[in-house]
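Asker: Would you be able to build a 3D model of this:
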Amino acid sequence: MNPEGEEEEVVKLEEDILTSFKHVYVNEVVREARMHFQRVPRLGAYMAVPLVYEHCLTDQALDAAVEDF
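Answerer: So this is what the prediction gives:
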């Protein structure tokens, strides 16, 4: 397989991932009523994304996850 075809597949996969995962984004946390602070409110934004992985039962799997991050 040629490198150009592989690059096209990677780009397509990245686009699919970005459009398919569910995420939560809060632009200004201080003005958002759904946010709860344990102590003093902090300025900024908040984003939560799902982390999908097969398993992390071995040292090799953990090392691979760290490398991918």
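Asker: low-confidence ranges in this structure?
Answerer: 1-5, 14, 17-18, 52-55, 68-69 (pLDDT under 70).
Asker: any idea how far residue 50 lies from residue 26?
Answerer: 16 Å (Cβ to Cβ, to the nearest Å). For every residue, glycine as well, the C-beta is placed using N, CA and C.
Asker: Between these two, which is the more surrounded one?
Answerer: Between residue 50 and residue 26, counted using other Cβ atoms under 10 Å, the more crowded position is residue 26 (15 against 8).
Asker: Next, that one: phi, psi?
Answerer: Dihedral pair for residue 26: phi -120, psi 120, per degrees, to the nearest 10.
Asker: So it sits against residue 36, correct?
Answerer: No - using Cβ atoms under 8 Å, residue 26 makes no contact with residue 36, being 11.8 Å away.
Asker: any idea how far residue 46 is from residue 36?
Answerer: Residue 36 sits 11 Å away from residue 46, going by Cβ to Cβ.
Asker: Compare neighbour counts for these two and give me the winner.
Answerer: residue 46 (13 against 8).
Asker: what are the ranges of the strands in the protein?
Answerer: According to DSSP state E, the chain carries its strands in the segments 24-26, 46-48.
Asker: I'd like to know which elements the first one is packed against.
Answerer: Packed against strand 24-26 by the contact rule (3 or more Cβ pairs under 8 Å, 6 or more residues apart in numbering; DSSP states H and E) you find strand 46-48.
Asker: What is the strand it packs on packed up against?
Answerer: Partner elements for strand 46-48 (3+ Cβ pairs under 8 Å, 6+ apart): strand 24-26.
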